[in-house]
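Colleague: starting from these lines, generate the structure:
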Amino acid sequence: MEAGKVESSRCPPEELRIRILSFDELRQRALSVYLESVAVPRSIRRQGRDRVRIMRYVLKCERVFQVVAAELGRIARLPRTTSMHPFYAEIANIASHGRFDEIVARAARGVMIVSKLWKEYRERILSSLTPAEAKRLAREFVGRTLSVARRSLRHAELLREAVKALRQTPCIDTESPLVIVAGMPQVGKSTLISRLSTAKPEISPYPFTTKHVILGHMEVDGHRIQLLDTPGLLDRPNSEMNPIERRAAAALRLLRAVTLFLIDPSRDSYYSIDKQLRVLRNVSEIVGVDNLLVVMNKVDKVDEGRLKSVEELVEEAGFQVKYRISALKGWGLGELVRGVVEELRRRGLLA
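Modeller: This next block holds a predicted model:
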């Protein structure tokens, strides 16, 4: 792929389906192949015992080079974030602390360095006058090669986390209708997603049960609509968000969608109405008020007086509750779906 060209794929790149070795694992593998016996060609054996021993060191070093270059090469061939969809690029940078491209570039430089080392030491070992000299040069080559590998795999654990996060991120069709469900933890986002779509997110009475974005689909009037369940957001700026929250913020900021913001109006809600409204303001600043539908969930748990009181608080904050639902009981979901379809059409996201 050309540098700087943005990937139009709907999924994280296939090249990410690799396992990133730690330096200790790579070192063990390289030393293991170095200690293995090697077969010397018959043509070399005719040149005498010393020549055979020298050639063995050449072949052993070649194996070490192949192991190290292959592992660093797999990393070097990973796509840069500039070639990914911005959403997937952000997921990679969140998990790698912004070092994804740096680590990939370092591995690419490592491949070039060990290739030059191998070319140099192959000639030097072949030119050795004695097996002792060949042995010294071979050990020197292995040591220098592993030193390059250590530097090249600095922060490999961050790259491993980034690859894992990208593999856990669903394939989102950026050209098809998308609805993002947002809100604070424990407002019923996952319950709503499981009610409306094919997704079966984990649901529990504890906050941050949803740690990754989860994608489901629903069919409406022959249209396939994507529903994205996001991790819960807390009332704090992006700089103070944990990686789980930042994934939700990335989806809101970088994916073209209609956003449903769920509010829990119950008196025993996990977070107060004031806190939920502050998060609502933060989300509206990311997606825009016009792209936001405020939905009051868990209406089965509260009386009409409480519902009206919460609606007034929402209006005072500059918003309006568009729908009342109970995802658990299934109340109001038909009206909600019809409203979502209408909003998708209004925004040109659905024909």
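Colleague: so which residues of this protein form helices?
Modeller: 23-35, 42-45, 49-76, 86-95, 100-126, 131-152, 156-168, 189-196, 243-254, 273-287, 304-316, 333-346 (DSSP state H).
Colleague: now distance to E15, mean neighbour count and mean pLDDT too, for those helices, in a markdown table please.
Modeller: Every C-beta, even on glycine, is put in place using the N, C-alpha and C of the backbone. A markdown table is the format used below for the helices of the chain (distance: least, CB to CB, whole Å; neighbours: other CB atoms under 10 Å; pLDDT from 0 to 100):
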| stretch | distance to E15 | mean neighbour count | mean pLDDT |
| --- | --- | --- | --- |
| helix 23-35 | 19 | 15 | 97 |
| helix 42-45 | 39 | 11 | 76 |
| helix 49-76 | 9 | 19 | 94 |
| helix 86-95 | 12 | 22 | 94 |
| helix 100-126 | 10 | 18 | 97 |
| helix 131-152 | 18 | 18 | 97 |
| helix 156-168 | 10 | 19 | 93 |
| helix 189-196 | 30 | 23 | 91 |
| helix 243-254 | 21 | 21 | 90 |
| helix 273-287 | 30 | 18 | 94 |
| helix 304-316 | 45 | 14 | 96 |
| helix 333-346 | 33 | 16 | 94 |
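Colleague: name the residues that touch stretch 314-323?
Modeller: The contact list for stretch 314-323 (CB atoms under 8 Å, 6 or more residues apart in numbering) reads 263, 277, 280-281, 284, 289, 292-296, 310-311, 332, 335-336, 339.
Colleague: of the helices of the chain, which is nearest V179?
Modeller: helix 333-346 (5.7 Å; CB to CB).
Colleague: just to check, R195 is in contact with G332?
Modeller: No - judged on CB atoms under 8 Å, R195 makes no contact with G332 at a distance of 10.9 Å.
Colleague: excluding its backbone neighbours, what's nearest the residue nearest in space to the middle of the chain?
Modeller: In the chain, the residue lying closest to the centroid (CA atoms, centre = their mean) is L166, at 2.6 Å. Residue nearest to L166 in three dimensions, not counting chain neighbours: P12, with 4.2 Å by CB to CB, 6 or more residues apart in numbering.
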